[in-house]
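> the following block contains a protein sequence and its predicted model.
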Amino acid sequence: MCRHLGYVGPPVRVGELMMRGPHSLYVQSWAPSEMRAGGTINADGFGAAWWRRSDVEGARDTVARYRNQAPIWTDPAVAEVLGHLESRSVIAAVRSATIGMPIERNACAPFTDEHWAFSHNGVVPDWRTILVAVLADLNEVFAAALPPATESSDRRALFSSPAVLLEAESLTDSAALWVLLRGLLAAITPEGPVTSPADALQLLVATVLRHQPTARLNLLLGNGVHLWATTCWHSLSVLVADDYTVLSSEPYDADPRWQPIADHHLITATPGHCTITELHALESPTTERARS
């Protein structure tokens, strides 16, 4: 599979974070220790996203990104360029491509949109069929959650048609998942059915697993202020310090503050704080309400 890392806290250098520790994300590209039968190395590209402070008071920070389809150890920009960029939040990933999926820059995480960045460590078997079914279910959830209206059901749907999956940057399950998650994030409202990024991740994972129980869905999402993640058939650890928090597929050093996160959990992290709750992977409560 892949390895990814998320940080939120005081400003750090992006490249330094990717190379931090004796078992850094950089090292995990050729010497991962917890791949769980998902490959042996992560040499099919890498990427990093970081947030730049907005010049407009009250505006959200915007996300910037660097990606390369080559192995991370071949790119001097990690140290020479990313090593000089600072940010209060970073998401980075190294990729091990699933057999049959393209090895190209656009297939490398993080995927971004405005102030969001997203990474997927895992695989959705038969994703072309499965994610079309997931899209239909998400539309049903949103249509059922709205009060009766005179407008057509098509206008009330979350996604206009399955063709929106063609907007994915690459023909991969990860890029298509980002299309679905991006739609859920754009639909957040106080009235629901999605009221927060955590809700969006919960609903997406639950719906995918209903159609494909063997899907591996370690998802990592950030907006420059918070990090959200899920554990679903792949490893993830958290380090909570006084003023920063790191989520990582594997600990990058021997700091005793690293704690492994159990499978099928949802994580919300801010600087110096982390909340972990059970991930209801087999069935979404929202979907149950929609079907009742």
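In hand now; what should we look at? Numbering: from 1, shown residues only.

> what segments of this protein are strands?
According to DSSP state E, the chain carries its strands in the segments 3-13, 46-52, 62-68, 86-94, 111-113, 116-123, 216-222, 227-231, 237-240, 245-248, 258-260, 265-270, 273-278.

> nearest to residue 166, out of the ones you listed?
The closest approach between residue 166 and any of these, judged by Cβ to Cβ, belongs to strand 111-113 at 15.1 Å. The way it works is simple: take the backbone N, C-alpha and C, and place the C-beta from them, glycine included.

> name the helices or strands packed onto the closest one?
Where contact means 3 or more Cβ pairs under 8 Å, 6 or more residues apart in numbering; DSSP states H and E, strand 111-113 is packed against strand 116-123, helix 173-186.

> point out the most buried one among those.
strand 116-123 (a mean of 27; mean count of other Cβ atoms under 10 Å).

> CA atoms only: put it into PDB for me.
Only the C-alpha atoms of strand 116-123 are listed here, as PDB (Å, rounded to 0.1, in the frame of the first residue of the first chain):
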ATOM      1  CA  TRP A 116      -8.400  20.700   1.900                       C
ATOM      2  CA  ALA A 117      -5.700  18.000   1.400                       C
ATOM      3  CA  PHE A 118      -6.400  14.200   1.400                       C
ATOM      4  CA  SER A 119      -4.400  11.000   1.300                       C
ATOM      5  CA  HIS A 120      -5.500   7.300   1.100                       C
ATOM      6  CA  ASN A 121      -3.500   4.400   2.300                       C
ATOM      7  CA  GLY A 122      -5.200   1.300   1.100                       C
ATOM      8  CA  VAL A 123      -7.200  -0.200  -1.800                       C
END
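
> in its sheet, what does that strand sit against?
Sheet pairing of strand 116-123 (DSSP bridges) gives strand 111-113 (antiparallel), strand 216-222 (antiparallel).

> which among the ones you listed is found nearest to residue 172?
Nearest to residue 172, of the strands paired with strand 116-123 and by Cβ to Cβ, is strand 111-113 at 9.9 Å.

> that older thread, and the strands paired with strand 116-123: which comes nearest residue 171?
strand 111-113 (13.6 Å).

> mean confidence (pLDDT) on that closest one, please.
Mean pLDDT, strand 111-113: 97.

> and what of stretch 176-193?
Mean predicted lDDT for stretch 176-193 stands at 96.

> show me how far it is from its chain's centre.
13 Å (Cα atoms, centre = their mean, to the nearest Å).

> ok, stretch 115-129 next?
8 Å.

> same question for stretch 65-76.
19 Å.

> using TSV, lay out the strands of the chain together with distance to residue 34.
Listed next are the strands of the chain as TSV, based on distance: least, Cβ to Cβ, whole Å:
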stretch	distance to residue 34
strand 3-13	9
strand 46-52	18
strand 62-68	24
strand 86-94	13
strand 111-113	23
strand 116-123	11
strand 216-222	11
strand 227-231	12
strand 237-240	9
strand 245-248	11
strand 258-260	9
strand 265-270	16
strand 273-278	18
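
> to residue 157, which of those strands lies closest?
Going by Cβ to Cβ, the one of the strands of the chain nearest residue 157 is strand 111-113, 20.0 Å.

> please identify the buried residues of the closest one?
Across strand 111-113, burial judged by 16 or more other Cβ atoms under 10 Å covers 111, 112.

> same deal with stretch 40-56?
In stretch 40-56, counting by 16+ other Cβ under 10 Å, buried: 42, 43, 44, 45, 46, 47, 48, 49, 50, 51.

> to residue 170, which of the strands of the chain lies closest?
strand 111-113 (9.1 Å).

> please pull out the lowest mean pLDDT helix or strand from this structure.
helix 285-291 (a mean of 38; mean pLDDT, DSSP states H and E).

> below-threshold pLDDT in this structure: ranges please.
1, 35-39, 55-58, 147-156, 281-292 (pLDDT under 70).

> now for the residue nearest in space to the middle of it: which residues touch it?
Centrality entry for the chain: nearest residue to the mean C-alpha point is residue 220, 2.9 Å, by Cα atoms, centre = their mean. The contact partners of residue 220, by Cβ atoms under 8 Å, 6 or more residues apart in numbering, come to 4, 6, 91, 93, 118, 119, 120, 121, 227, 228, 229, 247.

> closest one to residue 210 among the strands of the chain?
strand 216-222 (12.1 Å).

> quick check: bridge partners of the residue nearest to residue 228 when sequence neighbours are not counted?
Leaving out its chain neighbours, the residue that sits closest to residue 228 by Cβ to Cβ, 6 or more residues apart in numbering is residue 221, at 4.5 Å. In this entry, residue 221 is beta-bridged to residue 118, residue 228, by DSSP bridges.
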